[in-house]
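Peer 1: Next one to model:
(chains A and B)
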Amino acid sequence: DIQMTQSPSSLSASVGDTVTITCRASQRLSSFLHWYQQKPGKAPQLLIYAASSLQSGVPSRFSGSGSGTDFTLTISNLQPEDFATYYCQQSYSPPHSFGGGTKVEIK
Amino acid sequence: QVQLQESGPGLVKPSQTLSLTCTVSGDSISSDTYYWTWIRQPAGKGLEWIGRVYSGGNTNYNPSLKSRVTISIDTSTNQFSLRLTSVTAADTAVYYCARFVRVTTALDFWGLGTLVTVSS
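Peer 2: Coordinates of the predicted model:
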């Protein structure tokens, strides 16, 4: 199975900041890496697919990059509605494992 | 707009079988564009991929659950289902169904989730 490691597990930031979340895979994924946002009590929502493609309806302040084993989610100009938990997920091979999550909190 | 809705018992006794159904509306579950997936999340913890089913009935399961899990599809009712046998307290979680798009290989629509508690 492919192991996904996210860092940091949590971070504190202010509105307007730029934050970066990292996801590392235990083997190469090509671009089969996706990012989701989850708010308390809600289902996750797809933000970025295929490492860098913005899902329809997602604000352009969200961006993704990377390939192989190392990937990054960047949120520019952090907004109040962005405080949530973010997960990466690989779809290179089943089981399509998730990272442990990164909780973005208000400083 | 596609919608997914999980349904099933919210309480299951230890050693019994957990059974959930996901009803898909706004799209055909028979489409060869998608796989249909189950994911779970224990309270306060991360997401765990359980498995998926294709319209033709092909499945993939998480090896950690493989001996206990069955995912099936019913194209006549536009539903797919999860069965998890011999449950323990460790299976207590919110269970989500979701649509996996073959082109992007991502989960683009999710159900709201349903809490299943394993307790006597």
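Peer 1: which residues sit in contact with the residue lying closest to B:V103 once chain neighbours are set aside?
Peer 2: Sequence neighbours aside, B:T33 is the residue nearest to B:V103 in space, at 7.1 Å (criterion: CB to CB, 6 or more residues apart in numbering or on different chains). No exception for glycine: its C-beta is placed from N, CA and C like everyone else's. By CB atoms under 8 Å, 6 or more residues apart in numbering or on different chains, B:T33 lies in contact with B:V101, B:R102, B:V103.
Peer 1: The helix or strand hosting B:Y95 and chain A in contact?
Peer 2: Taking DSSP states H and E as the definition, B:Y95 sits inside strand B:93-101. Yes: with CB under 8 Å from any CB of the partner chain as the criterion, chain A is reached by strand B:93-101 at B:Y96, B:A98, B:F100.
Peer 1: Low-confidence stretches in chain B?
Peer 2: Regions of chain B meeting the criterion pLDDT under 70 are absent.
Peer 1: Show me what the residue nearest to the spatial centre of it bridges to in the sheet.
Peer 2: The C-alpha lying nearest the average C-alpha coordinate of chain B belongs to B:W38 (CA atoms, centre = their mean; 2.8 Å). Under the criterion DSSP bridges, B:W38 forms beta bridges with B:G51, B:C97.
Peer 1: wait, isn't it in contact with B:L82?
Peer 2: Yes: taking CB atoms under 8 Å as the definition, B:W38 is a contact partner of B:L82 at 4.8 Å.
Peer 1: Against which helices or strands is the strand holding B:Y95 packed?
Peer 2: Applying 3 or more CB pairs under 8 Å, 6 or more residues apart in numbering or on different chains; DSSP states H and E, we find strand B:93-101 packed against strand B:3-7, strand B:18-25, strand B:34-41, strand B:48-54, strand B:79-84, strand B:107-110, strand B:114-118.
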